[in-house]
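>>> need coordinates for the below:
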Amino acid sequence: MKSEKDLVEFLSNQFSNMGFIVKISVRILPKEIDIVLLEPYSKILITVEAKLKDLKKALLQAESNSMYSHYSIIATNKKNISEKFINDVKKNNIGLIQIVESNGLYEMKMIVKPNKSLIINNIFKRKIYKKFSLFIRMLHND
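All right, here's what the predicted structure looks like:
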């Protein structure tokens, strides 16, 4: 993948195929979240920060995203991820997905499974739910 846009597009397609409702570039002032996922029946929110390079920045963003969602994940296509970084991710209850390429095909590999956020803020969470409000109303009408 050549750009973060490519990475976001790949991830969006993968998560959509898994049954998630996907929103890209979700702006909740003062920030923008790369991808927000809604599991349609449990209404669990997952935020994803997609980064090709600056994993330290991704970690800060994912930590912040933990206030907006039940789970926060970093996704990267970096081949060499340090053990220190993996430990920092685990310490912060964040997930880590590595995109691996084999014979021109990409797949997602869960390196660290996220734990439920301990710092979720209900006001922030409601702001995210509003981005999915039309879909949530459709679920209640079924």
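>>> what are the buried residues along the helix ranked longest in the chain?
The residue-count maximum for a helix in the chain (DSSP state H) belongs to helix 4-17. For helix 4-17, the neighbour count (16 or more other Cβ atoms under 10 Å) marks 4, 7, 8, 10, 11, 12, 14, 15 as buried. C-betas here are computed from N, CA, C, even on glycine.
>>> and if you look at stretch 80-89?
For stretch 80-89, by 16+ other Cβ under 10 Å, it's 81, 85, 88, 89.
>>> again, but for stretch 121-129
For stretch 121-129, by 16+ other Cβ under 10 Å, it's 124, 125, 128.
>>> follow-up on the earlier one: okay, the buried residues of stretch 80-89 in a markdown table with distance to residue 60, pLDDT and secondary structure next?
Formatted as a markdown table, these follow (distance: Cβ to Cβ, whole Å; pLDDT from 0 to 100; DSSP: H, G, I helix; E, B strand; the rest coil):
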| residue | distance to residue 60 | pLDDT | secondary structure |
| --- | --- | --- | --- |
| 81 | 16 | 93 | coil |
| 85 | 12 | 96 | helix |
| 88 | 11 | 97 | helix |
| 89 | 12 | 97 | helix |
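>>> may I ask which two of those are separated the most?
81 and 88 (10.7 Å; Cβ to Cβ).
>>> for the buried residues of helix 4-17, which one is nearest residue 41?
residue 15 (15.2 Å).
>>> so where's this protein shaky on pLDDT?
134-142 (pLDDT under 70).
>>> check it and tell me which residue is nearest its centre.
In the chain, the C-alpha nearest the mean C-alpha coordinate belongs to residue 48, at 1.5 Å (Cα atoms, centre = their mean).
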